[in-house]
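J.: Predicted model follows, preceded by the sequence.
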Amino acid sequence: MTEPAYRIELKPPDITAYRSGNTGIDFVTTFDSGKSGPHVLVNALTHGNELCGAIALDFLFRQGVRPARGQLTLCFANVAAYQCFDPSRPGASRFVDEDFNRVWSPQVLDGPRNTVELARARVLRPLYDTVDLLLDLHSMQHATPPLVLCGVTGRGRRLAQTVGVPQWIVSDSGHASGRRLLDYAGFADPAGVKTALLAECGQHWEYQAAVVAIDVTLRFLLAAGAIDPEFAAPHLNLEPPPDQKVIEITDAITMKGNNLVYEADYFGMEIIERRGTLIARDDDTEIRTPYDNCVLIMPSRRLRRGQTAVRLGRIVS
Ligand SMILES: [Zn+2]
């Protein structure tokens, strides 16, 4: 299956002014209110080709954002990949050596492997260790409705509901191919207090993804008590949905064979009515929906053995 063509409506912002920062880590800036409160971090460019997060951070800097309490950190994560962004090959800059969002287990972080992404992860790890509330800004291959991934903890789901956008909340435990930042250490600890959300703001290069990223970021910072409502109010351009819906991921389909072929041209968020519907073949293995009204989450076109092909979810509210 070939990648459908999407227009490049977004321009990658020039972030060189943010390199020096003030933390001793390149492309990381922390503002301290001087008052007690949580350490809140907004993370962009976990994937180098996902421009909306960089646009949202650039927006916050230009608006002169400062925390009302606690500390606020703005972090551009995989800058090395971002710097390779080429509008003629826009998908190629997702990462340099490996996916930055699959390295967040102690085995990998403390292991012997050396890649561009692991080097950056090891530099950022002590920073993330000090964070109480984290928003990781992403975008998707396909133009499907924005969604927020909240992990499996109740506090993640509650935070997503307090933020109030986007409409779809997806509760899941990640990928067989490696741990996400969302699930790193205390963020996924059932008994912990640290909380992380991952927002998928829309298609990678559509204009609206940046609008959503700014809106979600402002509402996240409001929910965290990190900014004053007066700062956010002039820039909240999207109506929050009347009710959010929660999808619990029940299955992550990992490609096991050499050739996985979908039965239809799925884009994501399709609701497959009947249990047992054939949705893909992985070599000779049939993949069928395990229950009625099964939702397909982000079917991937970058299919590789051992990687997640598609996730299946159930609407619970
Ligand atoms: Zn991403």
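T.: That came through fine. Note that the structure is a prediction, hence the values are computed from the model and not measured. Residues are numbered from 1 along each chain as shown.
J.: Can you get me a residue count around the residue nearest to Val79 when sequence neighbours are not counted?
T.: Spatial nearest neighbour of Val79, excluding adjacent residues (CB to CB, 6 or more residues apart in numbering): Phe27 at 5.1 Å. Every residue, glycine included, has its C-beta placed from N, CA and C. Number of residues near Phe27 (other CB atoms under 10 Å) recorded here: 24.
J.: repeat for the one 4 residues further on
T.: Burial of Phe31, expressed as a neighbour count using other CB under 10 Å, amounts to 17.
J.: How about the one 5 residues further on?
T.: As a burial measure, Ser36 scores 7 neighbours (other CB under 10 Å).
J.: Tell me how far the residue nearest to Val79 lies from Gln167.
T.: As judged by CB to CB, to the nearest Å, Phe27 and Gln167 stand 31 Å apart.
J.: isn't the residue nearest to Val79 right next to Gly21, touching?
T.: Yes. Phe27 is in contact with Gly21 according to CB atoms under 8 Å; the separation is 6.2 Å.
J.: Strands of the stretch 51-200 of the chain, residue ranges please.
T.: For the stretch 51-200 of the chain, the strands defined by DSSP state E, counting those that start in this stretch cover 71-76, 133-140, 147-149, 168-171, 195-203.
J.: Save the ones you listed as a markdown table, and put in distance to Leu221 and mean neighbour count too.
T.: Putting the strands of the stretch 51-200 of the chain into a markdown table (distance: least, CB to CB, whole Å; neighbours: other CB atoms under 10 Å) gives the following:
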| stretch | distance to Leu221 | mean neighbour count |
| --- | --- | --- |
| strand 71-76 | 7 | 24 |
| strand 133-140 | 8 | 26 |
| strand 147-149 | 14 | 27 |
| strand 168-171 | 18 | 23 |
| strand 195-203 | 12 | 26 |
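J.: Kindly check the end-to-end length of stretch 198-207 for me.
T.: End-to-end distance for stretch 198-207: 19 Å, by CA to CA, to the nearest Å.
J.: In the stretch 51-200 of the chain, which residue sits closest to the ion?
T.: Among all residues of the stretch 51-200 of the chain, His138 sits closest to the ion, at 3.4 Å; criterion: CB to the ion.
J.: Show the contacting residues for that residue.
T.: For His138, the contacting residues are 46-47, 50, 53, 198-201, by CB atoms under 8 Å, 6 or more residues apart in numbering.
J.: That one and Ser88, how far apart?
T.: Applying CB to CB, the value for His138 to Ser88 is 22 Å.
J.: how far away is the residue lying farthest from the centre of the chain from Gly257?
T.: Distance from the centre of the chain peaks at Asp284, with 32.3 Å (CA atoms, centre = their mean). Look at Asp284 and Gly257: by CB to CB, they are 8 Å apart.
J.: The closest residue in space to Ala185 that isn't next to it in sequence: neighbouring residues, count only.
T.: Once flanking residues are discounted, Ala185 sits nearest to Asp129: 7.1 Å by CB to CB, 6+ apart. Each residue near Asp129 was counted by other CB under 10 Å, and the total is 11.
J.: just Ala232 next, same as before
T.: Residues lying near Ala232 (other CB under 10 Å) number 18.
J.: Doesn't it belong to a helix?
T.: Yes. The assignment for Ala232 is a helix, going by DSSP: H, G, I helix; E, B strand; the rest coil.
J.: Is it correct that it is in contact with Ala223?
T.: No. Counting by CB under 8 Å, Ala232 stays clear of Ala223, with 10.5 Å between them.
J.: wait, doesn't Pro190 sit right on Gly151?
T.: No. The pair Pro190 / Gly151 is not scored as a contact, 10.1 Å apart, by CB under 8 Å.
J.: Settle it for me: which of these two has more neighbours?
T.: Using other CB under 10 Å as the criterion, Pro190 and Gly151 rank with Gly151 on top: 24 against 8.
J.: Next, the buried residues of the lengthiest helix in the chain.
T.: Criterion DSSP state H: the longest helix present in the chain is helix 207-223. Neighbour counts over helix 207-223 (16 or more other CB atoms under 10 Å) mark 208-223 as buried.
J.: for stretch 174-187, same thing?
T.: Using 16+ other CB under 10 Å as the test for burial, stretch 174-187 gives 174-175, 177-185, 187.
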